[in-house]
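Trainee: Coordinates only, no sequence provided:
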């Protein structure tokens with residue numbers, strides 16, 4: 001099957017499954033790539049924690065921060081607690097900066113991320129990305145802004161209504177009545193911009209090797225592994241990634257390193273038009289699409 005035919009078929013699969021998405025897979029050895037709408041921008045939700053981690057580690061390397069410095073974190077830092085980390089704590093805690101990095105990146109702890117943003121504000125993260133020659137990723141706000149959507153105003157049994165609002169309030173130009181879903185106001189990026197960041201972390205670039213290695217390790221220890229992991233991780237392949245989820249958005253960006261030396265970066269950014277909170281079939285579909293793109297590149 002030609003690449004054009006594959007992309008056409010995958011678009012149809014996504015549409016049949018109630019998804020639209022931006023996908024890009026790149027062979028980091030040859031530079032060959034294959035994608036679906038890779039330049040379309042999306043709000044990136046928790047994917048912003050990857051550039052945050054890189055910026056924090058770079059400031060530690062420069063001596064501007066001490067990774068061992070302990071900070072006190074008060075409980076109740078977010079409106080709706082997440083499933084892991086400090087967002088579930090009931091009492092004050094003292095944690096080192098490096099441990100906050102682990103919680104933020106590997107456990108996707110929004111409270112830990114916001115403590116780190118207190119040290120390196122969003123504008124500074126964007127500036128550092130520019131210093132590394134990485135454009136197209138806009139870091140604008142804190143993670144606590146992601147828990148100030150209609151989802152927090154509905155009872156659990158009515159959460160699907162928030163998804164219906166998210167789906168119905170979008171504009172053709174990717175504006176949105178919800179700031180967190182508006183690409184001009186939210187933390188946002190295209191699949192290509194995020195993949196360029198992954199490439200800079202996995203291959204020689206302007207990012208210091210020790211910083212890149214630190215981010216790779218944090219992503220390798222990602223505990224959220226229900227989305228793309230089943231299609232990319234195996235005894236013969238190491239999958240390192242970060243997920244992002246907000247209302248009807250489901251994302252993941254990562255790198256698969258095969259025992260035979262193959263290395264592929266993968267970015268999947270999706271939005272669902274199905275007003276439901278739990279959609280395991282959407283995770284399966286986006287993984288299948290990403291895997292099909294990778295398989296085509298690997299076999300080319």
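Mentor: On my side now, so go ahead. Given the structure is predicted, the values throughout are model-derived calculations rather than measurements.
Trainee: So residue 266, which state does it fall into?
Mentor: Recorded secondary structure, residue 266: strand (DSSP: H, G, I helix; E, B strand; the rest coil).
Trainee: how close does residue 285 sit to residue 227?
Mentor: Plainly put, residue 285 is 11 Å away from residue 227 if you go by C-beta to C-beta, to the nearest Å. (C-beta placed from N, C-alpha, C; glycine too.)
Trainee: list the contacts for the residue most central in space within the chain?
Mentor: The centroid of the chain falls nearest to residue 47 when counting by C-alpha atoms, centre = their mean (2.3 Å). Residue 47 sits next to 187, 189, 194, 242-244, 251, 253 when contact means C-beta atoms under 8 Å, 6 or more residues apart in numbering.
Trainee: For it, which non-adjacent residue is spatially closest?
Mentor: residue 244 (4.0 Å; C-beta to C-beta, 6 or more residues apart in numbering).
Trainee: more neighbours, residue 285 and residue 227?
Mentor: Set residue 285 next to residue 227 and count neighbours by other C-beta atoms under 10 Å: residue 227 wins out with 25 against 22.
Trainee: now the helices for the stretch 101-250 of the chain?
Mentor: Taking DSSP state H, counting those that start in this stretch to define them, one finds helices in the stretch 101-250 of the chain at 110-119, 122-131, 159-168, 191-202, 209-220, 229-232.
Trainee: Which positions within the first one qualify as buried?
Mentor: Just to be clear, that refers to helix 110-119. Residues of helix 110-119 classed as buried: 110-117, 119 (neighbour count, 16 or more other C-beta atoms under 10 Å).
Trainee: between those residues, which is nearest residue 135?
Mentor: The closest of the buried residues of helix 110-119 to residue 135 turns out to be residue 117 (C-beta to C-beta; 20.5 Å).
Trainee: Tell me how far the closest one lies from residue 40.
Mentor: Residue 117 is 26 Å from residue 40, by C-beta to C-beta.
Trainee: cool, and residue 268?
Mentor: Taken as C-beta to C-beta, the span from residue 268 to residue 40 is 12 Å.
Trainee: These two: who's more crowded?
Mentor: For residue 268 versus residue 40, the count of surrounding residues by other C-beta under 10 Å is larger for residue 268: 29 against 17.
Trainee: List the single closest residue to residue 29 in space, sequence neighbours excluded.
Mentor: residue 263 (6.1 Å).
Trainee: What does the pLDDT read for the residue nearest to the centre of the chain?
Mentor: We have a pLDDT of 97 for residue 47.
Trainee: No further questions, thank you.
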